[in-house]
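Asker: Requesting a structural model of the entry that follows:
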Amino acid sequence: MPDFLLYDHPLSGNCHKIRLLCAMIGKPLELLPVAVLEGETRTEEFAKLNPVQQIPVLKDGDFVVQDSQAILLYLAMKYAPEWIDASPEGMAAIAEWLSYGAKEVSNGPQLARLHFLDPHKSIDIDRAQAIGRKVLALLERVLGGREWLCLGRPTIADLAVFPYVGLARQGKLPLDECPNVLAWIDRIRALPGYHPMPGLPEAL
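Answerer: Below you'll find the model as predicted:
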């Protein structure tokens, strides 16, 4: 088995965060597809790898880390410190957005998209879309006064929030009514190493 491996699904925005960061820092990454919709994460074998039974999971040598935000932080600290910050203040600003990506973005744009991708899921689509609209409105306000989410430069905060916001149309959310968010997406698309996943735009 490769020493640097991501347990992956091509339609997962959370996995795409990891694929993006590795591409942007020039870190070769082997992908192992996991049949999530067919229940592969719910097997006993996968539970031994990750008791939470979710992807992404990163294997770096003998070390295994799960959760997309944790993986972003691990990769940046070990291989790409320019994507985080050396100060407590800077890391606090990044952590705020990591938390926002794990909570509001997950409960809004991510769940709204999943409702239409996997309709048998018991998702309250009205609630997910309401949260999703609040996410877009907040980002539209924040990005009206800055180019990046924090620190005036690209960080893992941007990658933590980006995929499911960029995929918001798949959740029937009004992304096209948010010019500041669209401009931020274009700035991410212009970064070296950017590549899309199904539903996200091509590189600029």
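
Asker: Which residues does the closest residue to Tyr7 other than its chain neighbours form beta bridges with?
Answerer: Among residues not flanking Tyr7 along the chain, Val57 sits closest, at 4.2 Å (C-beta to C-beta, 6 or more residues apart in numbering). C-beta: built from backbone N, CA, C; applies to glycine. Bridge pairing for Val57 (DSSP bridges) gives the partners Tyr7, Gln66.

Asker: distance of Leu58 from Met24?
Answerer: To Met24, Leu58 is 16 Å away according to C-beta to C-beta, to the nearest Å.

Asker: And the two? Which one has more around it.
Answerer: Applying other C-beta atoms under 10 Å to Leu58 and Met24 shows that Leu58 carries more neighbours, namely 25 against 18.

Asker: I'd say that one and Leu6 touch.
Answerer: Yes - using C-beta atoms under 8 Å, Leu58 is in contact with Leu6, at 5.5 Å.

Asker: Now the common contact residues for the two.
Answerer: Counting by C-beta atoms under 8 Å, 6 or more residues apart in numbering, the shared contacts of Leu58 and Leu6 are Ile18.

Asker: how many neighbours does the residue nearest to Tyr7 have?
Answerer: Neighbours around Val57, by other C-beta under 10 Å: 25.

Asker: For Leu21, which residues are in contact?
Answerer: Lys27, Leu72, Leu75, Ala76, Ala80, Trp83, Ile156, Leu159.

Asker: Next, format the residues you listed as JSON lines and append distance to Gln53 and pLDDT.
Answerer: Output for those, formatted as JSON lines (distance: C-beta to C-beta, whole Å; pLDDT from 0 to 100):
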{"residue": "Lys27", "distance to Gln53": "26", "pLDDT": "96"}
{"residue": "Leu72", "distance to Gln53": "20", "pLDDT": "98"}
{"residue": "Leu75", "distance to Gln53": "22", "pLDDT": "98"}
{"residue": "Ala76", "distance to Gln53": "25", "pLDDT": "98"}
{"residue": "Ala80", "distance to Gln53": "28", "pLDDT": "98"}
{"residue": "Trp83", "distance to Gln53": "28", "pLDDT": "98"}
{"residue": "Ile156", "distance to Gln53": "24", "pLDDT": "98"}
{"residue": "Leu159", "distance to Gln53": "24", "pLDDT": "98"}
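
Asker: what ranges of this structure fall below the confidence cut-off?
Answerer: By pLDDT under 70, the weakly predicted segments of the chain are 1.

Asker: Can you give the domain ranges for it?
Answerer: Per automatic domain parsing, the domain ranges recorded for the chain read 4-82, 85-189.

Asker: Nearest residue to Lys121 in space, please, no chain neighbours.
Answerer: Leu114 (5.9 Å).
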